[in-house]
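K.L.:
What would the 3D arrangement of this be:
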Amino acid sequence: MKFGVLVFPGSNCDIDCFKAVESTIGQPVEYVWHTSTDLSAYDAILVPGGFSYGDYLRCGAIAQFAPVMAALKEAAEKGKYILGICNGFQILTEARLLPGALLRNKELKFRCHSAKLRVVNNRTPFTSDYAENELIDIPIAHGEGSYYCDEATLKELQQNGQIVFRYEAGNNPNGSVDDIAGVSNAAGNVVGMMPHPERAVHELLGSADGKRMFTSILNAWREQSGTAVIGG
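P.N.:
Take a look at the predicted model:
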């Protein structure tokens, strides 16, 4: 399975994503510059955190127009696995690959600490190695991570199982509607989340709970291609 990690000017979690793939599942992984126009070589694409184009205007608002985004939309339509993390989540919402938007944190402060997440939907290619309703420890680092959508969209997300992660009840760090920490598209092959699973792949980092996101993706691809799966 081949992974691509998109790199925009201002990305700063691209190396973290690269190392997470390399160290947790040992699959081929490459950096892909924002000017690229072809993602056909990759089975999964990671859109990392950071401050793409300096986060001028809104976070992700400029990155959505990068040449690579047309190829990313094509990859999404073909059912390839796409994971947007933090700024990557913001980019995916700006590009309308995911519903909703990310607003300034409720307290208008940058939040950087461990966070407890509830696995709401473990039937996605990104979460199959988790138990439903499992509480996991994944760090956050964002200033504009408050997920927002209108009531009609929220009802649709709830009914379709598109809410993938919620912050632990009573511990919402940013004011996200319905405590949402991560959502998927209707097809389930595109997921965006504010917390950083790539920073939680080993106990030395404080948690290894993020590792199973990467094993889940690999297992989903192996099941699709008829290859033996691996343990989480």
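K.L.:
Apart from its neighbours in sequence, what residue is nearest residue 105?
P.N.:
Once flanking residues are discounted, residue 105 sits nearest to residue 174: 4.2 Å by CB to CB, 6 or more residues apart in numbering. All C-beta atoms are positioned from the backbone trio N, CA, C, and that covers glycine.
K.L.:
wait, the one you found sits on residue 194?
P.N.:
Yes: with contacts defined as CB atoms under 8 Å, residue 174 counts as touching residue 194 at a distance of 7.4 Å.
K.L.:
Could you report the distance from residue 162 to residue 178?
P.N.:
Distance, residue 162 to residue 178, using CB to CB, to the nearest Å: 11 Å.
K.L.:
and what of residue 219?
P.N.:
Applying CB to CB, the value for residue 219 to residue 178 is 28 Å.
K.L.:
quick one, which of the two is more surrounded?
P.N.:
Neighbours per residue, other CB atoms under 10 Å: of residue 219 and residue 178, the larger number sits with residue 219, 22 against 15.
K.L.:
Go through this protein and flag its longest helix.
P.N.:
helix 211-225 (DSSP state H).
K.L.:
Please enumerate residues in contact with that one?
P.N.:
Contact with helix 211-225 is made by 1, 20-21, 24-25, 27, 43-44, 81, 83, 124-130, 197, 200-202, 227-232, as judged by CB atoms under 8 Å, 6 or more residues apart in numbering.
K.L.:
What residues sit buried inside it?
P.N.:
211, 212, 213, 214, 215, 216, 217, 218, 219, 220, 221 (16 or more other CB atoms under 10 Å).
K.L.:
related to what we said a few turns ago, list the residues that contact both of residue 174 and residue 194?
P.N.:
Each of 140, 142, 145, 147 lies in contact with both residue 174 and residue 194 under the rule CB under 8 Å, 6+ apart.
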